[in-house]
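Visitor: Pasting the sequence and the predicted coordinates here, then a few questions.
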Amino acid sequence: MAIGFAPCSVIPVYNHARTVARVLGAARAAGLPCFLVDDGSEPQCARELERLAGRTEQTRLLRLTANRGKGRAVIAGFEAAAAQGFTNALQVDADGQHSLEDIPRLIDEARAHPDALVCGRPVFDASMPAVRRYGRYLTHALVWLETLSLDIPDSLCGFRVYPLRAVTELLQREHVGARMDFDVEILVRLYWRSVPLRWLSTRVVYPLDGVSHFRLLRDNARMVALQLRLLSGMLVRLPALVSRKLI
């Protein structure tokens, strides 16, 4: 593949058989080759992914033999995309919560700023449970502390276009959470590495099929551990972060 701006999409999938076709169709309509990453889905969803992948050569199906988490699925997609010469990768969830008509906007922004991480800044409607809203506020406040800035207005939305060279360099040197902690951690660590961020407002609704893989005790414990890692990392980087604010 020629050097330049070569975007693709990475769609992690875990038991979203009812919604993944629409998500894939939107990415393909935007002209993006797609990597479907089956994160150990049940047979019904696995068959649907195989059917979708067989419809066009522009859709590749990657399978993880067991459920390893959204982050690990996304990383597998990034690794495959980078190995095939793609420069930027749209991450979009398979559950239908993202505003798929905004895919061209994100790609256009990434084309104009290929070295930046282009992030969706979510605009929620009434479908968002109040407990999730308050949880997001807490996470955002901690991220502002960990970056000593307000440069990250939302750290949880997984609707982004990543510059794969910067991601590859990060993943070769640092640990990034493999499950629900992935979206927050990779964003903060890329910010620490001075990867520029671009933000586009986008509407977000809660999943069409009502399937949530968030496990209250396990994933909240994972998020607590994440914040402890990031706070420790912030202390190590404190001089650099302060100097960045003074420049």
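Guide: Looks like it came in fine.
Visitor: which ones are touching residue 92?
Guide: Residue 92 makes contact with 9, 10, 11, 23, 26, 27, 98, 100, 103, 158, 159, according to C-beta atoms under 8 Å, 6 or more residues apart in numbering. The C-beta positions use only the backbone N, C-alpha and C, and glycine is treated the same way.
Visitor: Tell me the bridge partners for the second one.
Guide: Yep, that's residue 10 we're talking about. residue 35, residue 91 (DSSP bridges).
Visitor: What does the pLDDT read for it?
Guide: If you check residue 10, the pLDDT there is 98.
Visitor: what bits of this structure have low per-residue confidence?
Guide: Counting by pLDDT under 70, the chain contains low-confidence residues at 1-3, 126-135, 207-217, 219-220, 247.
Visitor: Just give me the longest helix of it.
Guide: helix 216-236 (DSSP state H).
Visitor: What are the buried residues along it?
Guide: Neighbour-count burial for helix 216-236 flags 222, 223, 226, 227, 229, 230, 233, 234 (criterion: 16 or more other C-beta atoms under 10 Å).
Visitor: Let's have those in TSV, adding distance to residue 163.
Guide: Shown next, in TSV, are these (distance: C-beta to C-beta, whole Å):
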residue	distance to residue 163
222	26
223	26
226	23
227	25
229	23
230	21
233	21
234	23
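Visitor: What about the contacts of residue 92, which are in strands?
Guide: Within these, residues falling in strands by DSSP state E are 9, 10, 11.
Visitor: What's the local residue count around the last one?
Guide: This points to residue 11. Residue crowding around residue 11 was assessed by other C-beta atoms under 10 Å; the count is 26.
Visitor: what about residue 172, which SS state?
Guide: Three-state assignment for residue 172 (DSSP: H, G, I helix; E, B strand; the rest coil): helix.
Visitor: picking up where we left off before, what is the distance between the longest helix of the chain and the centre of its chain?
Guide: 18 Å (C-alpha atoms, centre = their mean, to the nearest Å).
Visitor: in the next helix-or-strand element following it, what's buried?
Guide: Following helix 216-236 in sequence order, the next helix or strand is helix 238-246 (DSSP states H and E). Residues residue 241 are the ones in helix 238-246 that count as buried (16+ other C-beta under 10 Å).
Visitor: Restricting to C-alpha, output helix 238-246 in PDB.
Guide: These are the backbone C-alpha positions of helix 238-246, laid out as PDB (Å, rounded to 0.1, in the frame of the first residue of the first chain):
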ATOM      1  CA  LEU A 238       4.800  15.600  36.800                       C
ATOM      2  CA  PRO A 239       7.800  17.800  35.800                       C
ATOM      3  CA  ALA A 240       7.200  17.300  32.100                       C
ATOM      4  CA  LEU A 241       3.400  18.000  32.500                       C
ATOM      5  CA  VAL A 242       4.100  21.200  34.500                       C
ATOM      6  CA  SER A 243       6.700  22.400  32.000                       C
ATOM      7  CA  ARG A 244       4.300  21.700  29.100                       C
ATOM      8  CA  LYS A 245       1.800  24.100  30.800                       C
ATOM      9  CA  LEU A 246       4.500  26.800  31.200                       C
END
